[in-house]
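Asks: Predicted coordinates and the sequence they were generated for:
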Amino acid sequence: MAKQDKNFRQDFQTLLSRVVTTIEKYTLLKSNEHILVAVSGGPDSVALLHLLYKLKDRYNLQLGVVHYEHGIRGEASLKDATFVESLAQKLNLPFYIEHGNAKAYAKEKKLSLEAAARLLRYDFFERVLKDTRADKLALGHTADDQVEEILRRLLRGTAWAELAGMEIKRDQYIRPLLEIYKEDILVALVTEKIPYVVDVTNLDMRFLRNRIRHKLIPFLLEFNLRFKENLLEMSSIWREENAWMETAVKNALEECGEKTGEKYRVDLTLFGHYHPALQRRILTKILKDLSLPYTRRHLENLIQLAFPGGTHKSITLPKGWKGYKEGTYLYITPSLPAEIDYHYLIKSPGIVEIKELNFLFDINVVTKAGLENITLSPSKVYIDLEKAPFPLEIRPYRPGDRFYPLGGKGSKKLKDFFIDVKIPFSERKKYPVFLSQGRVIWIAGLRLDARVMPGPETTKYLVIDKVN
């Protein structure tokens, strides 16, 4: 029996040594850190807690246990929570728990049950990290989980970079077991006689991850018994390449992109010169930075939106976000710019307020004798009154509008004129269009129509001055 106990201890000690190797290799832990451990009650998270507890003195760690109870399995979920709480008490560790209703949340947000549970769980993690001022939160994902995650992403459709799988260290999250197989963990738990709970939903074939685990992976192993090892080796190479590419992506995004609040703007004149692989990486970086759960389809839609096309288009992204193009810029924002509409009929001189834009125009009629000089300005114009009589109309630009821009060569569509002077689509209605007799005579703040310019024969002048 003594010999058997020695072998048991050696199995767990071997696992502990492998975890230390992983920790040191990726610098997952530093001395004197406050580490929270996410414990569901299952074998992986229970093993993780016991392993970190054994390393507590080595790294001088302050540990805490967190548990999110999704409410998916009723009494069974509550029993799991009780089990984890008892484990925390046994180890004399702080315990943080939150109860939720993943089914109701999934229905409200129109999400899968898996996605809803994950969002609720990580929202709790973020809050408890902030409230406890912990340095990191350790997750119990294993090498098997990594294989399943890569296959899930491949099946659902994702960017190439995402096929590297879960990161072993991301922000405040660490995964010390990510290079260890579940089988080794189960052996270690048995040898140490450490109890854990079994989640029966892991056998529920309604969940994609379970179908991957119990059907797809065994099928693939029939073709190659080293399938999992090979996939993880490829994943490791992809992660290394991703790390190398991150520098190029960072530099390119700083050059062509600009973030204001929650909105990103990409200069397509610069973006268009990059290799397609770098373009995809830049857009991937933006979507990840905005925490949008995108797929390969969303990424390709953004690429198509950027090249080629008209002056403005839009697509829908996850969470109701929008991608749209205006002139030479691609925008990724929570919503499209609000439409501005207004119409004013001016029958005589006076002060006119465009309330929608908070603009004031002073409209006067003067004779030549009343003019000392005429100074051309985008905000103040002098017009031959006979060529542009009252009533005047003031409204936004409309598709199909044309005029004869002063200094230009003949007629031009307002749409093309706005493109020439680099006015984004969403800004165009902020430049009031003045009309007389149904003809455009002035785009306020930009250009006068050449046909209404005063000449030697002009006796009365229509003077329009943008006051603010």
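Replies: Cool, the structure landed.
Asks: all contacts plus neighbour counts: C-alpha atoms, from now on.
Replies: Fine.
Asks: Quick check, L268 in contact with K325.
Replies: No: with contact defined as CA atoms under 8 Å, L268 does not count as touching K325 (9.3 Å).
Asks: Return every residue with contacts to both of these two.
Replies: Taking CA atoms under 8 Å, 6 or more residues apart in numbering as the criterion, L268 and K325 both touch A306.
Asks: Look at the two and report which has more neighbours.
Replies: With other CA atoms under 10 Å as the criterion, L268 and K325 differ in neighbour count, and K325 comes out ahead with 26 against 19.
Asks: Doesn't that one belong to a helix?
Replies: No: with DSSP: H, G, I helix; E, B strand; the rest coil as the criterion, K325 is located in strand rather than a helix.
Asks: Please report how far it lies from V421.
Replies: Between K325 and V421 the computed distance is 16 Å (CA to CA, to the nearest Å).
Asks: and if you look at T191?
Replies: Computed as CA to CA, the T191 to V421 distance reads 75 Å.
Asks: Would you mind telling me which of those two has more residues around it?
Replies: Under the criterion of other CA under 10 Å, the comparison of T191 against V421 puts T191 first, with 18 against 9.
Asks: Am I right that that one is in contact with Q13?
Replies: No: at 10.5 Å, T191 does not count as touching Q13 under the criterion of CA under 8 Å.
Asks: quick one: pLDDT of K6?
Replies: At K6, the predicted lDDT confidence score is 44.
Asks: try Y96
Replies: Per-residue pLDDT puts Y96 at 97.
Asks: give me the number of residues near the nearest residue to it once chain neighbours are set aside?
Replies: In space, and not counting its chain neighbours, Y96 is closest to V66: 4.7 Å by CA to CA, 6 or more residues apart in numbering. Close neighbours of V66, defined as other CA under 10 Å, add up to 24.
Asks: residues making contact with the helix or strand harbouring V66?
Replies: In the assignment (DSSP states H and E), V66 maps to strand 62-69. Outside of strand 62-69, the residues within contact range by CA under 8 Å, 6+ apart are 32-40, 53, 56, 77-78, 81, 84, 88, 93-100, 121, 124-125.
Asks: Show the buried residues in those residues.
Replies: Buried residues within the contacts of strand 62-69, counting neighbours by 16 or more other CA atoms under 10 Å: 33-40, 53, 56, 77-78, 81, 84, 88, 95-96, 99-100, 121, 124-125.
Asks: Of those residues, which belong to strands?
Replies: Secondary structure defined by DSSP state E assigns 34-38, 95-96, 99 of these to strands.
Asks: can I get those residues in a markdown table with distance to L305?
Replies: Formatted as a markdown table, the entries for those read as follows, by distance: CA to CA, whole Å:
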| residue | distance to L305 |
| --- | --- |
| H34 | 45 |
| I35 | 44 |
| L36 | 43 |
| V37 | 43 |
| A38 | 41 |
| F95 | 49 |
| Y96 | 46 |
| H99 | 42 |
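Asks: can you tell me which of these lies nearest to K355?
Replies: In terms of CA to CA, no member of those lies closer to K355 than H99, at 50.1 Å.
Asks: That closest one against G71, yeah?
Replies: Yes: in this structure, H99 is within contact of G71 by CA under 8 Å, at 6.9 Å.
Asks: Between these two, which contacts overlap?
Replies: Jointly contacting H99 and G71 under the rule CA under 8 Å, 6+ apart is no residue at all.
Asks: does the nearest residue to V366 once chain neighbours are set aside sit in a helix or strand, and which one?
Replies: If the residues on either side of it in the chain are set aside, V366 comes closest to Y461, at 5.3 Å by CA to CA, 6+ apart. Here Y461 sits within strand 460-466, counting by DSSP H and E.
Asks: List the strands paired with that strand, with their directions.
Replies: The partner list of strand 460-466 in its sheet, established with DSSP bridges, is strand 359-367 (antiparallel), strand 380-384 (antiparallel).
Asks: Can you give me the buried ones in the first one?
Replies: Buried residues in strand 359-367, counted by 16+ other CA under 10 Å: 361-363, 365.
Asks: would you turn the residues you listed into TSV with distance to P195 and pLDDT?
Replies: As requested, those are exported to TSV (distance: CA to CA, whole Å; pLDDT from 0 to 100):
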residue	distance to P195	pLDDT
F361	79	96
D362	83	95
I363	85	96
V365	92	94
